[in-house]
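sequence-free structure coming up:
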């Protein structure tokens, strides 16, 4: 748990208590201060939750990458099996995709190199 979540929850609780005291005494300034502290605590708690979620997502991605690296042979084999199955299920679609990729690569390889745009300033010397 992130320290921002802990401090935010504490601020939020203190703000609620301060607001309740302000309500009981009828002091508008104490009520407003309590509400402001409660809102600040809530915001800090949400910030801590976001940091926790980002940390968890990063940890999950790292663990997934480590697992894929450690079992790379199995991962490649399962990918090959899935590709072979997809080709067997839809050979025409696979052929069209492969042809499209080949066509795009041929266009990229035979394209003329880009020339820089002509300069606006000419030197007449």
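Sure, I can see it. From a predicted model like this one, the values you see are computed outputs, not experimental measurements.

chain center to stretch 1-11: distance?
Stretch 1-11 sits 23 Å away from the centroid of its parent chain (CA atoms, centre = their mean, to the nearest Å).

buried ones in it?
Under the neighbour-count criterion of 16 or more other CB atoms under 10 Å, stretch 1-11 has 2, 4-5, 8-9, 11 buried. To be clear about C-beta, it is placed using only N, CA and C from the backbone, and glycine gets the same treatment.

Among these, find the lowest-pLDDT one for me.
Across the buried residues of stretch 1-11, the bottom pLDDT score, 74, is held by residue 2.

number of nearby residues for the nearest residue to that residue once chain neighbours are set aside?
In this structure, residue 2 finds its nearest non-sequential neighbour in residue 48, 3.9 Å apart by CB to CB, 6 or more residues apart in numbering. The number of residues packed near residue 48 is 19, by other CB atoms under 10 Å.

what's the pLDDT at residue 48?
For residue 48, the model assigns a pLDDT of 87.

can you list the residues that contact the helix or strand that contains residue 98?
Using DSSP states H and E, residue 98 sits within helix 91-110. With contacts defined as CB atoms under 8 Å, 6 or more residues apart in numbering, helix 91-110 is touched by 86-87.

elements contacting the helix ranked longest in the chain?
Secondary structure assigned by DSSP state H gives helix 28-70 as the longest helix of the chain. Applying 3 or more CB pairs under 8 Å, 6 or more residues apart in numbering; DSSP states H and E, we find helix 28-70 packed against helix 3-25.

Report the angle between the helix it packs on and helix 28-70.
160 degrees (axes from the mean of the first three to the mean of the last three CA atoms, to 10 degrees).

Go ahead and measure how far helix 3-25 is from the middle of the chain.
Chain-centre distance of helix 3-25: 32 Å, with CA atoms, centre = their mean.
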